[in-house]
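S.K.: Okay, structure incoming, though there's no sequence with it:
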């Protein structure tokens with residue numbers, strides 16, 4: 001048996017997963033969001049509390065026009081177009097409006113998927129309890145070009161609901177209105193936690209084209225369930241593919257064929273969560289999973305492969321058993337890895353650092369549960 005195991009092509013799992021993750025990330029079309037609003041409305045606070053790595057603070061702002069900059073960061077499949085100058089006099093407001101409209105038109109006719117603006121967040125400070133006429137007219141104009149969500153920032157008091165209803169009654173043809181408090185607010189005996197961010201993310205996700213949904217999910221950090229749901233959906237394709245490995249006609253070839261499938265699955269799940277994989281963390285996770293081509297898999301598949309060696313049993317019988325085994329192991333691997341990514345993402349959002357060893361222990365326990373459930 002050991003001789004057969006040695007003949008299976010060995011792969012450097014850590015490097016393969018890291019390289020495949022990088023490859024998957026580079027293939028992703030960036031999601032482009034334009035954030036419009038006056039200075040002080042809380043655009044940077046909103047961006048930093050929704051997207052990973054405080055994008056508005058640490059990203060690179062590249063001027064596009066006089067009143068528009070493009071914020072991006074390496075390793076994040078997202079670009080934020082941030083407007084400035086709306087709080088100035090009427091002539092400047094019109095200048096800004098013309099600049100933005102012209103830039104949207106230029107991008108729309110360029111046919112460049114990487115530049116296309118997918119959605120606009122038009123931010124209004126809810127505490128002002130008003131929306132100016134020029135903003136109403138511009139929102140209507142923008143909504144004729146692209147999906148627009150009006151974001152009512154600093155929606156601390158109940159009057160924000162009145163403003164929301166007022167905007168809805170204007171029939172601006174927008175895609176939705178979202179009341180948010182981007183970061184906790186506390187004053188004397190009054191305190192309110194952040195809210196509305198998850199709802200804004202969900203609303204945006206549903207509106208975005210399919211081609212950039214994974215990019216948006218990668219970049220956002222508040223809606224972990226959305227990441228989990230997407231990862232589970234994607235993993236089903238890999239699980240189905242792994243079942244077909246059981247019909248490989250060459251005995252003991254299954255593990256060698258299965259490994260790249262599972263490496264691809266792990267890389268795909270990683271890009272959905274947007275977790276930065278360090279070698280130490282990945283080593284801990286992989287070792288906790290008992291190795292993709294290690295004893296856990298081989299111990300189960302060798303029995304099935306033996307059926308292929310006996311005359312009269314045939315490839316179909318062996319394939320069904322081995323295919324079922326392969327899908328069980330791949331399912332356990334997928335759901336365990338998703339659980340690890342969920343834990344890391346939740347703790348990063350809370351500002352908590354969990355040790356690599358603790359992640360390893362948690363994923364090992366989850367893997368055991370999955371095998372018991374599906375075996």
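M.R.: All right, it came through fine. Remember, predicted model here, so these are calculated numbers, not experimental data.

S.K.: list the contacts for residue 119?
M.R.: 33-34, 146-149, 175, 204, 207-208 (Cβ atoms under 8 Å, 6 or more residues apart in numbering). Quick note: C-beta positions are derived from backbone N, CA and C, even for glycine.

S.K.: While we're on it, how confident is the model there?
M.R.: You'll see residue 119 listed with a pLDDT of 97.

S.K.: Which residue is the nearest non-sequential neighbour of it?
M.R.: Nearest non-adjacent residue to residue 119, counting by Cβ to Cβ, 6 or more residues apart in numbering: residue 147, 4.8 Å away.

S.K.: how close does the one you found get to residue 139?
M.R.: From residue 147 across to residue 139, the span is 12 Å (Cβ to Cβ, to the nearest Å).

S.K.: Between those two, point out the one with more neighbours.
M.R.: residue 139 (22 against 19; other Cβ atoms under 10 Å).

S.K.: Which strands or helices does the helix or strand hosting that one pack on?
M.R.: Using DSSP states H and E, residue 139 sits within helix 133-143. Judged by 3 or more Cβ pairs under 8 Å, 6 or more residues apart in numbering; DSSP states H and E, the packing partners of helix 133-143 are helix 90-108, strand 119-125, strand 148-153.

S.K.: Mind doing that once more with 10 Å?
M.R.: strand 31-36, helix 90-108, strand 119-125, strand 148-153, helix 159-169 (3 or more Cβ pairs under 10 Å, 6 or more residues apart in numbering; DSSP states H and E).

S.K.: quick one: low-confidence ranges for the stretch 1-150 of the chain?
M.R.: Scanning the stretch 1-150 of the chain for pLDDT under 70 picks out 1-12.

S.K.: In the stretch 251-375 of the chain, where is pLDDT below threshold?
M.R.: Looking at the stretch 251-375 of the chain by pLDDT under 70, you get 251-259, 288-326, 370-372, 374-375.

S.K.: just the strands in it please.
M.R.: Taking DSSP state E, counting those that start in this stretch, the stretch 251-375 of the chain contains no strands at all.

S.K.: number of nearby residues for the closest residue to residue 349 other than its chain neighbours?
M.R.: Leaving aside its chain neighbours, residue 349 sits nearest to residue 221 (5.3 Å; criterion: Cβ to Cβ, 6+ apart). Residue 221 has 22 neighbours, counted by other Cβ under 10 Å.

S.K.: next one: residue 347
M.R.: For residue 347, using other Cβ under 10 Å, the count is 14.

S.K.: in the helix holding residue 139, what counts as buried?
M.R.: The neighbour-count check on helix 133-143 (16 or more other Cβ atoms under 10 Å) flags 135, 138-139, 142-143 as buried.

S.K.: got a list of contacts for stretch 275-287?
M.R.: 13-15, 17-18, 21-22, 52-53, 75, 218, 227, 266-267, 269-270, 292, 294, 336-337, 340-342, 344-345, 348, 354-364 (Cβ atoms under 10 Å, 6 or more residues apart in numbering).

S.K.: Could you pick out the buried ones from these?
M.R.: 13-14, 17-18, 21, 52-53, 218, 227, 266-267, 269-270, 292, 336-337, 340-342, 344-345, 348, 356, 359-360, 362-364.
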